[in-house]
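Q: Next come a sequence and a model predicted from it.
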Amino acid sequence: MRSARVWGLMPAWVLMLGTLMVPLLIVAAVSVAERGSYGGFAWDFNPLSYREILFSEDWDGNLVFDPKYLSIIGRTLLLAGATTLICMALALPVAYVIATRPPKTKALLIYLVTLPFWVSMIVRVYAWLIILGNEGFVGRFWHWIGGEGTLLFTPGAMLVGMVYSYIPLMVLPVFAAIEKLDPALLEAGADLYGSRWTTARRVILPLTWPGLAAGAVLVFVPALGTVLEPMLLGGGKQMMMGTLIQTQFGGARNWPFGAAVALVLMAMVVIVLVINARRSMSREVRV
Amino acid sequence: MSNPHNVRHYPGAGLVTWVFFLWLYAPIAVVIWFSFNENRLVSVWTGFSMKWYAAALTNRALMDALRVSLTVAVVATSVATLVALSAAMVLSRNETMRFRRLSETVVNLPLLLPEIVVAVASLILFSQMGFSNGMARLIVAHSAFCTPFAFLPIRARMQGMSRDYEEAAKDLYASPFTAFRRVTLPLILPGVFAGAMLAFVISMDDFITSNLLATGGTTTLPVYIFGLIKQGTTPELNAISTLLILASLIIATFALVLSARSMRRA
């Protein structure tokens, strides 16, 4: 029996060790390696790449603080955070309405929420490229109300694309939390002469919080590493960490620097996951 | 309805929900709508035409990309489903075993890590190993990130299933393999199919990993679409996207229905 367990789990462990865990260790090693003369890298210890994130060298070879990459990290955090908040604000009313429908309608609506998630990311981003473009209907509406320039290639366009890409990941856990609400608690709110908005604020919101927090992790983590929205809707000029990493392995060919940025991104994700794990653990203890 | 204490109805929430669903499907509808546009410009409607579908279906480069995508997806799905099935068998039959939670996290690891970081990591490893066959690189990487999508429906199905049947088989002196083949597998088959189909869709739709790992000659469909987008939007691009949308939606619907049904019967 014991050996059956080991053999059963072995393929999964080998696959994940070989394609995720070992490669990530190599990324860590490459991030402190020397940049190769023809792209790639050479195995010499050199933490230069991390210095490059904060400083650049001026003409005389002096180190100057350079916020160029720091602003990309800042933009990434800002856009991922904004995406998460907008998804929360949208998911709450939508999940509540879905949860209060009869069972059959409920199942259908939840299915309709999940469905776009299975459409290729590239097609979903392309769709917004058409809609927000000068000839697209939102783009035309923008000009009709007197807007100037193009809506594309702005942080706003990226934000729309990101919210669109990740919203199902927020609606599902929030819906699950709302569905578990005890109707008696909601009615108690009403019986105690709380208006429905008071009930929403004092009863529904606190009890839905675990769902919102779970959704926030599910949205925030992939939003941090998003690549396609900045590349297409941001026009490549509004860099985010995902695109910064990607260009280091494509055109720019500075692998150690790309690896360093990838590790910074990984560290940010791990921090979010650890905070989330501690939060859910302290919940378990309290309950 | 106007009772201010009625917690089942919030004014405005219904409207928000309607707008939400409109917004969720409008982009997909726009892509499909303009794929039938006769004009060369995507968003200037001049008349109905199927010619962009004809153009897409006779496009050699597109068919090559489709073939690469299908090959990678079929092989990666098979590998991922087998790996997931064998892990799910162990994890749902040994609730108290050591390293159970850790193993479960390991199987789902691709869901927790940003795809771009994993893609870059695989690229470095593969190039260090001198592993340069583009198709094989894609298959290995896709197998890994498809595994959790195959794993979750299988695991859910196994957890919902009663163990009595397996024990009855054992009582009747069935060998573990016979019990698996004749009893367990037929019972969990809907979950296995659902998982395999979701893995297939995820592999077909992937862009980030494929874009970094593909070499000349192993351009997948999404990578090919990306190249076309960079050249500018055309109705042919819409026609290609529409076909990909339909394929994804049909397979995903089938998988979701299958997995919902199997949960109900269990």
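A: Perfect, thanks for sending it. Numbers count the residues shown, from 1 in each chain, chains lettered A, B, ... in the order given.
Q: quick one: low-confidence ranges for chain A?
A: Segments of chain A classed as low confidence (criterion: pLDDT under 70) are A:1-2, A:37-40, A:251-252, A:283-287.
Q: Please, where are all the strands along it?
A: In chain A, strands defined by DSSP state E lie at A:34-35, A:41-42, A:55-57, A:63-65, listed in chain order.
Q: Tell me who's in contact with the nearest residue to A:T243 once chain neighbours are set aside.
A: Spatial nearest neighbour of A:T243, chain neighbours left out: A:P230 (4.7 Å); criterion: Cβ to Cβ, 6 or more residues apart in numbering or on different chains. No exception for glycine: its C-beta is placed from N, CA and C like everyone else's. A:P230 makes contact with A:158, A:236, A:238-240, A:242-243, according to Cβ atoms under 8 Å, 6 or more residues apart in numbering or on different chains.
Q: With B:A13 instead?
A: Counting by Cβ under 8 Å, 6+ apart, B:A13 makes contact with A:93-94, A:96-97.
Q: Next step: these restricted to helices.
A: For the contacts of B:A13, the ones inside helices are A:93-94, A:96-97, with DSSP state H as the criterion.
Q: ok, stretch B:227-238 near chain A or not?
A: Yes. For a cut-off given as Cβ under 8 Å from any Cβ of the partner chain, stretch B:227-238 has contacts with chain A, namely B:229, B:233, B:237-238.
Q: Just the terminal-to-terminal distance for that stretch.
A: With Cα to Cα, to the nearest Å applied, stretch B:227-238 spans 14 Å between its terminal residues.
Q: Same question for it: list its buried residues.
A: Buried residues in stretch B:227-238, counting neighbours by 16 or more other Cβ atoms under 10 Å in any protein chain shown, are found at B:228-229, B:233-238.
Q: out of the strands of chain A, which comes closest to chain B?
A: Between chain B and the strands of chain A, the shortest gap by Cβ to the nearest Cβ is with strand A:41-42, which sits at 8.4 Å.
Q: Pairing partners for the closest one, with directions?
A: Here strand A:41-42 is paired, per DSSP bridges, with strand A:34-35 (antiparallel).
Q: The closest residue to A:L112 other than its chain neighbours - how many residues pack around it?
A: With Cβ to Cβ, 6+ apart as the measure, B:F21 is the residue that lies nearest to A:L112, at 6.5 Å, once sequence neighbours are left out. Residue crowding around B:F21 was assessed by other Cβ atoms under 10 Å in any protein chain shown; the count is 14.
Q: try A:A107
A: Close neighbours of A:A107, defined as other Cβ under 10 Å, add up to 13.
Q: Give the full set of residues in contact with the residue in the stretch 1-150 of chain B positioned nearest to chain A.
A: Here the residue of the stretch 1-150 of chain B nearest chain A is B:P114; by Cβ to the nearest Cβ that distance is 2.8 Å. By Cβ under 8 Å, 6+ apart, the contact list for B:P114 reads A:221-222, A:224-225, A:242, A:265-266, A:269.
Q: Quickly note the distance from the closest residue to A:V64 other than its chain neighbours to A:F65.
A: The shortest distance from A:V64 to any residue that is not its chain neighbour, by Cβ to Cβ, 6+ apart, is 5.1 Å, and that residue is A:D58. Going from A:D58 to A:F65 by Cβ to Cβ, to the nearest Å gives 11 Å.
Q: Also A:R140?
A: Plainly put, A:R140 is 44 Å away from A:F65 if you go by Cβ to Cβ.
Q: Tell me which of the two has more neighbours.
A: A:R140 (15 against 8).
Q: ok now stretch B:69-85, how far from the chain's centre?
A: Its chain's C-alpha centre and that of stretch B:69-85 lie 11 Å apart, by Cα atoms, centre = their mean, to the nearest Å.
Q: buried residues in that stretch?
A: So, applying 16+ other Cβ under 10 Å, buried residues of stretch B:69-85: B:69, B:72-73, B:75-85.
Q: out of those, which are inside helices?
A: B:69, B:72-73, B:75-85.
Q: would you turn those residues into CSV with pLDDT?
A: Putting those into CSV (pLDDT from 0 to 100) gives the following:
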residue, pLDDT
B:S69, 95
B:V72, 96
B:A73, 96
B:V75, 97
B:A76, 97
B:T77, 97
B:S78, 97
B:V79, 97
B:A80, 97
B:T81, 96
B:L82, 96
B:V83, 96
B:A84, 96
B:L85, 94
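Q: Would you check how far apart A:V160 and A:Y166 are?
A: Between A:V160 and A:Y166 the computed distance is 12 Å (Cβ to Cβ).
Q: ditto for B:T253
A: Separation of B:T253 from A:Y166 (Cβ to Cβ) stands at 21 Å.
Q: who has more neighbours, the two?
A: Neighbour totals were compared for B:T253 and A:Y166, and A:Y166 leads with 23 against 15 (other Cβ under 10 Å).
Q: pLDDT at the residue nearest the centre of chain B, what is it?
A: Chain B has B:I202 as the residue nearest its centroid, 2.6 Å off, counting by Cα atoms, centre = their mean. With respect to pLDDT, B:I202 scores 93.
Q: thinking it is in contact with B:A144, fair?
A: No. With contacts counted by Cβ atoms under 8 Å, B:I202 stays clear of B:A144, the gap being 11.3 Å.
Q: thinking again about what came up before, ok, for the residue of the stretch 1-150 of chain B closest to chain A, nearest residue in space, not its chain neighbours?
A: A:G225 (2.8 Å).
Q: Count residues in the vicinity of the one you found, would you?
A: Taking other Cβ under 10 Å as the criterion, the count of residues near A:G225 is 25.
Q: Go ahead and confirm it touches B:V117.
A: Yes. Distance between A:G225 and B:V117: 6.5 Å, which falls inside the contact criterion (Cβ under 8 Å).
Q: how far away is the residue nearest to the centre of chain B from B:L91?
A: Here the distance between B:I202 and B:L91 works out to 21 Å (Cβ to Cβ).
Q: Tell me the confidence at B:H5?
A: Note on B:H5: pLDDT of 61.
Q: cool, and B:L244?
A: Reading off the per-residue confidence, B:L244 sits at a pLDDT of 91.
Q: Do I have it right that A:T76 meets A:L224?
A: Yes. The pair A:T76 and A:L224 qualifies as a contact (Cβ under 8 Å) at a distance of 6.1 Å.
Q: list residues touching both of these two?
A: Shared contacts of A:T76 and A:L224 (Cβ under 8 Å, 6+ apart): A:241-242.
Q: any chance you could map the helices in chain B?
A: Taking DSSP H as the criterion, chain B carries its helices at B:13-34, B:51-57, B:60-93, B:100-107, B:109-112, B:115-129, B:134-159, B:164-171, B:176-179, B:185-205, B:208-213, B:221-231, B:235-265.
Q: follow-up on the earlier one: tally of neighbours for the residue nearest to A:V64?
A: 10.
Q: can you check B:D64 too?
A: 15.
Q: wait, what's in contact with the nearest residue to it once chain neighbours are set aside?
A: Excluding the flanking residues, the one nearest B:D64 by Cβ to Cβ, 6+ apart is B:T219, at 7.3 Å. With contacts taken as Cβ under 8 Å, 6+ apart, B:T219 has the following neighbours: B:61, B:64-65, B:68, B:227.
Q: Contact residues of the stretch 151-287 of chain A facing chain B?
A: Residues of the stretch 151-287 of chain A found near chain B, taking Cβ under 8 Å from any Cβ as the criterion, are A:164, A:167, A:186-187, A:189-190, A:193-196, A:199-200, A:204, A:221-222, A:224-225, A:227-228, A:232, A:242, A:245-246, A:249-250, A:255, A:258-259, A:262, A:265-266, A:269, A:273.
Q: Alright, I will stop here.
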